[in-house]
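Colleague: whatever this is, show me its structure:
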Amino acid sequence: MKKHNFSAGPSILPDFTIKNTAEAVLNFAGTGLSLLEVSHRGKEFVAVMDETRALFKEVLNVPAGYEVVFVGGGASLQFCMVPYNLMNKKAAYLITGEWANKAAKEAKLFGEVVEVASSKDKNFNYIPKGWSVPTDADYLHITTNNTIYGTEIKKDLDVNIPLVADASSDIFSRPMDISKYAIVYGGAQKNLAPAGLTFAIVREDVLGKVERPIPTMLNYKTHMEKESMFNTPPVLPVYAALQTLKWLKQNGGLEVMHKRNNEKAELLYNAIDSSKMFKATVNDAEDRSIMNVCFVMKDEYAELEKEFQAFASSKGMVDIKGHRSVGGFRASIYNAMPIESVKALIDVMNEFTKSH
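Modeller: The predicted structure follows:
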């Protein structure tokens, strides 16, 4: 039976990435050694790191004046690295979900945090509108996509202070105007690589303006100056990221990927909206994530939730259970998810509905 992997993360990766990485684990770059055991200072892996950083910039169209660094610690470590490097006295945060909330909590250790708006009043099922940015804040922080609640900021915002974005779960799903951001960061385990790799795209001129001493490993300049090789990098995830970037380029880049992602999301949301049994948790189409589609049973069918979960699993649908804070179901349809898997999920939903 074919499996359809809707996991929110670590999540589905292209077959191209998995196959090539597996081959390198057995024999890396013709060395006769495994990728898992070679020196990160060896010429073969230095070439991998250089190519990965260069291709990352090319695919995402990163302009001059920015550097891409690869570090560990996940996006959660970036929650403190950002204020460590950028915050003098005050920062602004848009609270659109659990991860935005956690990022703001870390920033409060460094100074005043202004919450410009929050969607907590409706369990984060919308993106707040009409808020303003304090001009005296050192930066504004946003979370572009919310895996738990299924909302997404789909446009690059225009603000009059440095803009920082946690783009963990929608990076490379669409073109981004990086020039509008001071820092874009994220964990790689959604659209790029296995868990263990974190990226940060940093505009060089925003650094060096805080008065506090910054620990060496938490200073973006450290990793920029050493080209992400200050300490041993997560070798296997970096290699896997390179394969995914090659796959993205070979498949037409981010314009093509964005078109495909919109088609998948539209197909699934239309099926949910027309269903007699299911309903989406995010009502406003403008705010709906194209990466994480969250839905629940309608009230009159709520008691069938566990039964549908079991039925879907028996049909090869993997990890569609919703986050515990939302309940219901979540279909994560990242770049590598083929539209055939989305259609298979819709067929399962329709079959279950018919039988009840």
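Colleague: all helices for this structure, in order.
Modeller: In the chain, the helices defined using DSSP state H lie at 15-26, 43-60, 74-86, 98-107, 220-225, 235-250, 253-273, 305-314, 339-355.
Colleague: can you redo those as CSV with mean pLDDT?
Modeller: Output for the helices of the chain, formatted as CSV (pLDDT from 0 to 100):
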stretch, mean pLDDT
helix 15-26, 98
helix 43-60, 98
helix 74-86, 97
helix 98-107, 98
helix 220-225, 98
helix 235-250, 98
helix 253-273, 98
helix 305-314, 97
helix 339-355, 97
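Colleague: got TSV for those, with distance to residue 208 too?
Modeller: The way it works is simple: take the backbone N, C-alpha and C, and place the C-beta from them, glycine included. Output for the helices of the chain, formatted as TSV (distance: least, C-beta to C-beta, whole Å):
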stretch	distance to residue 208
helix 15-26	36
helix 43-60	21
helix 74-86	9
helix 98-107	19
helix 220-225	7
helix 235-250	27
helix 253-273	31
helix 305-314	51
helix 339-355	46
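Colleague: out of the ones you listed, which gets nearest to residue 67?
Modeller: Closest approach to residue 67 among those (C-beta to C-beta): helix 220-225, 4.6 Å.
Colleague: and for the closest one, what are the contacting residues?
Modeller: 67, 69-71, 81, 85, 183, 200, 202, 204, 207-208, 216, 230 (C-beta atoms under 8 Å, 6 or more residues apart in numbering).
Colleague: any idea how far residue 119 is from residue 127?
Modeller: 7 Å (C-beta to C-beta, to the nearest Å).
Colleague: and for residue 305, nearest residue in space, chain neighbours not counted?
Modeller: Closest residue in space to residue 305, ignoring its immediate chain neighbours: residue 297 at 5.2 Å, by C-beta to C-beta, 6 or more residues apart in numbering.
Colleague: need the per-residue pLDDT for residue 326.
Modeller: pLDDT, residue 326: 87.
Colleague: so can I have TSV of the helices of the chain showing mean neighbour count and distance to residue 282?
Modeller: Putting the helices of the chain into TSV (neighbours: other C-beta atoms under 10 Å; distance: least, C-beta to C-beta, whole Å) gives the following:
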stretch	mean neighbour count	distance to residue 282
helix 15-26	16	30
helix 43-60	18	26
helix 74-86	22	22
helix 98-107	20	15
helix 220-225	18	34
helix 235-250	22	27
helix 253-273	17	9
helix 305-314	15	18
helix 339-355	16	17
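Colleague: for stretch 147-160, what is the distance to the chain centroid?
Modeller: 12 Å (C-alpha atoms, centre = their mean, to the nearest Å).
Colleague: likewise for stretch 10-26?
Modeller: 19 Å.
Colleague: try stretch 135-151
Modeller: 12 Å.
Colleague: now do stretch 314-324
Modeller: The answer for stretch 314-324 is 20 Å, by C-alpha atoms, centre = their mean.
Colleague: and it, end to end?
Modeller: Using C-alpha to C-alpha, to the nearest Å, the end-to-end distance of stretch 314-324 comes to 21 Å.
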